[in-house]
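Engineer: fold the following.
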Amino acid sequence: MLWRDFAPYVLPHVIGCAMPTLEQHARQVSIDWCRGTLCHQIDLDPELASGTRNAIDLASPSVQLTVVKLMSVAVDGKDRALVAPRVGQQFVRSNHPGDFCFTTDNRTLMVYPLAPAGVEVVATVAMMPSLNANILDDIVGADYAMDIAEGIIASLQRLPNQEFSNPNL
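Structural biologist: Model (predicted):
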């Protein structure tokens, strides 16, 4: 869904709003919506453990998307406990005996204990549009276009001193 595809839902409520302004607000509101609701969850492509490093890349499937939150991890088909970054770092320092995973930056997954080489690691993550995205994933758009449109209208109406946000001008 292109940002301009929100126009029929939004422009009747903010008459005179320029398309570039609408598109920018559509992007920002969509990012906030996906970040807040965690509505766009996907399984990333399986990564193979190296057997020598605990770190595994959480590679986004598209430059249009950014990982918001790690939701779950399966190593060799078995779920691993997710812990908060600070807890994970403490566990690493104290040689915690349990199986756990964490991320400090939503780009690198830390898997403990070290997974053997060739074992599949599958991460489920919540995604949001990236800051330079020019589309909203159709899966999200189909389910939430009307809800996001309401947020876009509210965002545009908060712009000061615009004909579409202040009918007295």
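
Engineer: what's the burial count for the nearest residue to L82 once chain neighbours are set aside?
Structural biologist: Leaving aside its sequence neighbours, L82 sits nearest to C101 (C-beta to C-beta, 6 or more residues apart in numbering; 5.7 Å). C-beta coordinates here come from the backbone N, C-alpha and C atoms, glycine included. For C101, the neighbour count with other C-beta atoms under 10 Å is 24.

Engineer: surely G88 and G98 touch.
Structural biologist: No: with contact defined as C-beta atoms under 8 Å, G88 and G98 do not form a contacting pair (11.0 Å).

Engineer: pretty sure the residue nearest to L82 is in a helix, no?
Structural biologist: No: with DSSP: H, G, I helix; E, B strand; the rest coil as the criterion, C101 is strand rather than part of a helix.

Engineer: now do the contacts for T52.
Structural biologist: L114, A117 (C-beta atoms under 8 Å, 6 or more residues apart in numbering).

Engineer: pLDDT weak spots in the chain?
Structural biologist: The chain contains residues with pLDDT under 70 at 167-169.

Engineer: please report phi then psi for C34.
Structural biologist: Dihedral pair for C34: phi -70, psi -40, per degrees, to the nearest 10.

Engineer: same question for the one 5 residues further on.
Structural biologist: Summarising the backbone geometry of C39 under the convention degrees, to the nearest 10, its torsions are phi -80, psi -20.

Engineer: quick check: it vs E23, distance?
Structural biologist: In this view, C39 and E23 are 21 Å apart by C-beta to C-beta, to the nearest Å.

Engineer: with D57 instead?
Structural biologist: From D57 to E23 the distance is 31 Å (C-beta to C-beta).

Engineer: out of these two, which sits in the busier spot?
Structural biologist: Neighbours per residue, other C-beta under 10 Å: of D57 and E23, the larger number sits with E23, 18 against 11.

Engineer: which residues does that one contact?
Structural biologist: W3, R4.

Engineer: report the contact partners of Y112.
Structural biologist: When contacts are counted by C-beta under 8 Å, 6+ apart, Y112 touches N54, G88, F91, V92, H96, D99, F100, C101.

Engineer: doesn't E120 make contact with D76?
Structural biologist: Yes: using C-beta under 8 Å, D76 makes contact with E120 at a distance of 6.4 Å.
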